[in-house]
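> got a predicted structure here, sequence first:
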Amino acid sequence: MSNISNDSKINEMCNAMLKSGRWLLVRHGKHPILRHLADGATKCFVVPSTPSDPRAFANFRRDYNRYLRAFLIQTGVIIA
């Protein structure tokens, strides 16, 4: 497992995303970026490597869930 973020919850979530094989880790400047590898995917997530906000994990998880739902609706897996 790689150390992507100093926040343990964000780090666990990012490592699980990378383990799935559908995400690619790209180091860009000061922050690591997770890029979705599926067909029709357009989203990249900037990972807070040293979050100072106590809600950083909640915000990251919320953004991921919103993106995942929009992507599944776009690809026709679920119907809104």
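Yes, it's here.
> all helices of the chain, in order?
Taking DSSP state H to define them, one finds helices in the chain at 8-19, 56-75.
> so which bits of the longest one are buried?
Neighbour counts over helix 56-75 (16 or more other Cβ atoms under 10 Å) mark 56-57, 60, 64, 67, 71 as buried. From N, CA and C alone the C-beta is placed, and that goes for glycine too.
> what's next to it, contact-wise?
7, 9-10, 13, 17, 36, 38, 40-41, 43, 45, 47-48, 51, 53, 78-80 (Cβ atoms under 8 Å, 6 or more residues apart in numbering).
> okay, the angle between it and helix 8-19?
Relative orientation of helix 56-75 and helix 8-19, computed by axes from the mean of the first three to the mean of the last three Cα atoms, to 10 degrees: 30 degrees.
> now helix 56-75: mean pLDDT?
For helix 56-75, mean pLDDT is 93.
> quick one: it to chain centroid distance?
Distance, stretch centre to chain centre, for helix 56-75: 8 Å (Cα atoms, centre = their mean, to the nearest Å).
> same question for stretch 64-80.
Stretch 64-80 sits 15 Å away from the centroid of its parent chain (Cα atoms, centre = their mean).
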